[in-house]
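In: The following block contains a protein sequence and its predicted model.
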Amino acid sequence: MNSQGSPARLEGFPASDGIALGRVRRVDWQVPEAPRETVRRKDRHQELDRFEEALRRARAELEEIKRRTEARLGPVEARIFDPQILMLEDPEVVEGTERYITENRVTAARAFEWRMLELTDLWARTSHTMVLDRLNDVHDVKLRVQSRLLGRPVPWDLGSTDDAVIVARELTPSFVARLDPDRVRALATDAGSRAAHWAILARSMQIPAVAGLGEVFGRTRDGQTIIVDGRSGRVVVDPDEIETQRFEQRRTRISGWTRRTPDAAPEAAVTLDDVAVKLRANLDLPGEATRARELGAEGVGLFRTEFLAVGRHAVPGEEEQYRAYRAVVDAFPSDAVLIRIFDLGGDKFPLFLRMPAEGNPFLGRRGVRVCNDEPGLFLTQLRAILRATAHGDVRIMVPLVNTSAEIAAFRELLDTAREQLQAEGVPCRDDVKVGAMIETPAAAHAAPELATASDFLSIGTNDLVQYALAVDRTNTGLAHLFDPFHPAVPRLVSRVVEAGRSAGIEVSACGEMAARPAGAVLLMGLGVEALSVAWPSLPEIRSLIRGCSMRNLREAAAAAVIAADSATVRRALQVPLAGPFDVRPSAGDR
Ligand code: PEP
Ligand code: MG
């Protein structure tokens, strides 16, 4: 219980969809400190042997977790453990520690502690999420090796976890991979983001999670009741009766929406006045495609491909990429699959690119800009995507575009990839559609030109809102300012829709806004023809579409475009939303 005895509400990043109520189970990840001991000259070899043995055991454990993850979730998810396994062989880690043992005559535990401290310091000098995520891998490795060297128990031996909501400062992939999704209800952490490896695993394992809560670990005790809403990013500790009722109602509604779909073909996403809206899925991993199809997705509106690149030491090969794209296309043989080229930069940094640290990475080398700078990397990706076009309706999406010249340059690279394949006799389509993502105010204003250069437009509302309002989407402290219902947003979206209509091309939306009832109402009312949402949101958004009339949606959107402020926009949107939808205005709508 917090000091006032009332519920504590915390806001973080939605990291894995789903809502759960359970009991707090705190997991402390402090790496044990090595005692200040030196060793005699003649005992150095013994320490070197102990270190080698600890590395060998840690490696064996991780290989085993990797094997089990592969059997349970698939090869892509299993690769998440590669950076840690590689770290155990990394000469910087191994030789650096050995040097300390021999030259400074300290114990293996102390030498390892020193060396890892140095490396962590090196990594921590930049604050990119991907680098921080690697720190998280370092932490896992440190804990595993150090606990072994010091003969201490490790925190992942949880004992009974029935109804547990794991609360930690930060989690690690190997910890999450071992959890039993039937017993662990949810995860809540002080640090981390949706891009963290452990969060990707949580999504795959369908465990709801909220990251970046800042202080949930310090504000909870074991056994407290806690609600975790992995969709909105809200956590309530010690919920009162009203909060608990809200949770129960929401859970009942969600299970109602999902229950209706599994066996029978899901109902069509058609409004009460018979307007069809394309409802597609956003995927972060190929393994999610099957679940998306079961839940009635009419294709994939955004296949993020960064899982192939981030946290990896080497550029992913064409064959591996092709298999990943092909798996999704095979799940949707007769629907559109919009594959986004690697959207690198910002909070997504692959290790192999060795990009210099930037003062402002979200305004730096990001999206299509990286594509222009690294044609080799993207040529391989385009070859792999083009090969997948032979098996379905694959379309290619280009992130963070501002000008039609960027689309023209991209098409040239695509032509090169196609010509190469054709020269090699490899089948691929020559009419693959290319779309610009509209993610900046500049792109929204230049939509007529971008529409002429593209075959479709897709609005990335996460970035569009971030750049339109100049509010960092990864800063939880600014979450209350990240407002998709600021009147500037509907005005920008309506420009894009208009441009798409004039050019006769599809305009879709694939940011989180499309997965929130009020956001979906606004986008549909403004004329966006296709919504793409994370697969767990498919039943709810379908149900919403079926419960609204397009006439009402258009009226609400027309009012939103001329509204003076965000409160007026939200009020306008609540009219067509009467019914079972949670439209509380809050930062969770981001
Ligand atoms: C977006 O910006 O809305 C989007 C869909 O892309 P991402 O969230 O991957 O940046
Ligand atoms: Mg984006």
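Out: That came through, no problem. Numbering: from 1, shown residues only. Ligands and ions are numbered 1, 2, ... in the order given.
In: I'd like to know which elements the longest strand seen in the chain is packed against.
Out: When the chain is parsed with DSSP state E, its longest strand is strand 19-27. The helices and strands touching strand 19-27, judged by 3 or more Cβ pairs under 8 Å, 6 or more residues apart in numbering; DSSP states H and E, are strand 164-168, strand 184-189, strand 225-229, helix 241-259. In short, each C-beta sits where N, CA and C put it, glycine included.
In: can you list these in a markdown table and add mean pLDDT and mean neighbour count?
Out: Output for the helices and strands packed on strand 19-27, formatted as a markdown table (pLDDT from 0 to 100; neighbours: other Cβ atoms under 10 Å):
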| stretch | mean pLDDT | mean neighbour count |
| --- | --- | --- |
| strand 164-168 | 95 | 26 |
| strand 184-189 | 95 | 26 |
| strand 225-229 | 95 | 26 |
| helix 241-259 | 82 | 14 |
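In: what would those look like in JSON lines with distance to ligand 2?
Out: Shown next, in JSON lines, are the helices and strands packed on strand 19-27 (distance: least, Cβ to the ion, whole Å):
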{"stretch": "strand 164-168", "distance to ligand 2": "28"}
{"stretch": "strand 184-189", "distance to ligand 2": "23"}
{"stretch": "strand 225-229", "distance to ligand 2": "23"}
{"stretch": "helix 241-259", "distance to ligand 2": "26"}
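In: Out of those, which is closest to residue 341?
Out: Checking these against residue 341 by Cβ to Cβ gives strand 184-189 as the closest, at 30.3 Å.
In: Would you list the strands that the closest one pairs with, along with their directions?
Out: According to DSSP bridges, strand 184-189 forms sheet pairs with strand 164-168 (parallel), strand 209-211 (parallel).
In: With just CA atoms, put the helix or strand following the first one into PDB.
Out: The reference is to strand 164-168. Per DSSP states H and E, the first helix or strand lying C-terminal to strand 164-168 is helix 173-177. Below are the C-alpha coordinates for helix 173-177, written out as PDB (Å, rounded to 0.1, in the frame of the first residue of the first chain):
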ATOM      1  CA  PRO A 173      15.400 -11.800 -22.200                       C
ATOM      2  CA  SER A 174      16.600 -15.000 -20.600                       C
ATOM      3  CA  PHE A 175      14.400 -14.300 -17.500                       C
ATOM      4  CA  VAL A 176      11.300 -13.700 -19.600                       C
ATOM      5  CA  ALA A 177      11.900 -16.700 -21.900                       C
END
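In: who are the neighbours of helix 173-177, in terms of helices and strands?
Out: Where contact means 3+ Cβ pairs under 8 Å, 6+ apart, helix 173-177 is packed against helix 44-73, helix 129-150, helix 197-204.
In: most packed of the ones you listed?
Out: Highest mean neighbour count of the helices and strands packed on helix 173-177: helix 197-204, a mean of 27 (counted as mean count of other Cβ atoms under 10 Å).
In: circling back to that earlier point, least reliable of the helices and strands packed on helix 173-177 going by mean pLDDT?
Out: Here these differ in mean pLDDT, and the lowest is helix 129-150 at a mean of 78.
In: name the helices or strands packed onto it?
Out: Contact here means 3+ Cβ pairs under 8 Å, 6+ apart; on that basis helix 129-150 packs against helix 44-73, helix 82-87, helix 108-124, helix 173-177, helix 197-204.
In: Quickly check: it near ligand 1 or not.
Out: No - contact of helix 129-150 with ligand 1 (Cβ under 6 Å from any ligand atom) is absent, the minimum separation being 11.9 Å.
In: Run the chain-centre distance for that helix.
Out: Remark: helix 129-150 is offset 21 Å from the chain centroid, using Cα atoms, centre = their mean, to the nearest Å.
In: the inter-axis angle of that helix versus helix 197-204?
Out: Helix 129-150 runs at 100 degrees relative to helix 197-204, counting by axes from the mean of the first three to the mean of the last three Cα atoms, to 10 degrees.
In: how far off helix 44-73 does helix 129-150 point, in degrees?
Out: Using the same axes, to 10 degrees: helix 129-150 against helix 44-73 is 130 degrees.
In: Using PDB, list the CA coordinates for helix 129-150.
Out: Extracted in PDB, the C-alpha atoms of helix 129-150 (Å, rounded to 0.1, in the frame of the first residue of the first chain):
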ATOM      1  CA  THR A 129      17.600   2.700 -26.700                       C
ATOM      2  CA  MET A 130      19.300   0.000 -28.600                       C
ATOM      3  CA  VAL A 131      22.500   0.600 -26.800                       C
ATOM      4  CA  LEU A 132      20.700   0.600 -23.500                       C
ATOM      5  CA  ASP A 133      19.100  -2.600 -24.500                       C
ATOM      6  CA  ARG A 134      22.500  -4.100 -25.000                       C
ATOM      7  CA  LEU A 135      23.400  -2.900 -21.500                       C
ATOM      8  CA  ASN A 136      20.500  -5.000 -20.400                       C
ATOM      9  CA  ASP A 137      22.100  -8.000 -22.100                       C
ATOM     10  CA  VAL A 138      25.400  -7.100 -20.300                       C
ATOM     11  CA  HIS A 139      23.500  -7.100 -17.100                       C
ATOM     12  CA  ASP A 140      22.100 -10.500 -17.700                       C
ATOM     13  CA  VAL A 141      25.500 -11.900 -18.500                       C
ATOM     14  CA  LYS A 142      27.100 -10.200 -15.400                       C
ATOM     15  CA  LEU A 143      24.500 -11.600 -13.100                       C
ATOM     16  CA  ARG A 144      24.800 -15.100 -14.600                       C
ATOM     17  CA  VAL A 145      28.600 -15.300 -14.400                       C
ATOM     18  CA  GLN A 146      29.000 -13.400 -11.200                       C
ATOM     19  CA  SER A 147      26.400 -15.400  -9.300                       C
ATOM     20  CA  ARG A 148      28.300 -18.600 -10.400                       C
ATOM     21  CA  LEU A 149      31.700 -17.200  -9.400                       C
ATOM     22  CA  LEU A 150      30.400 -16.200  -6.000                       C
END
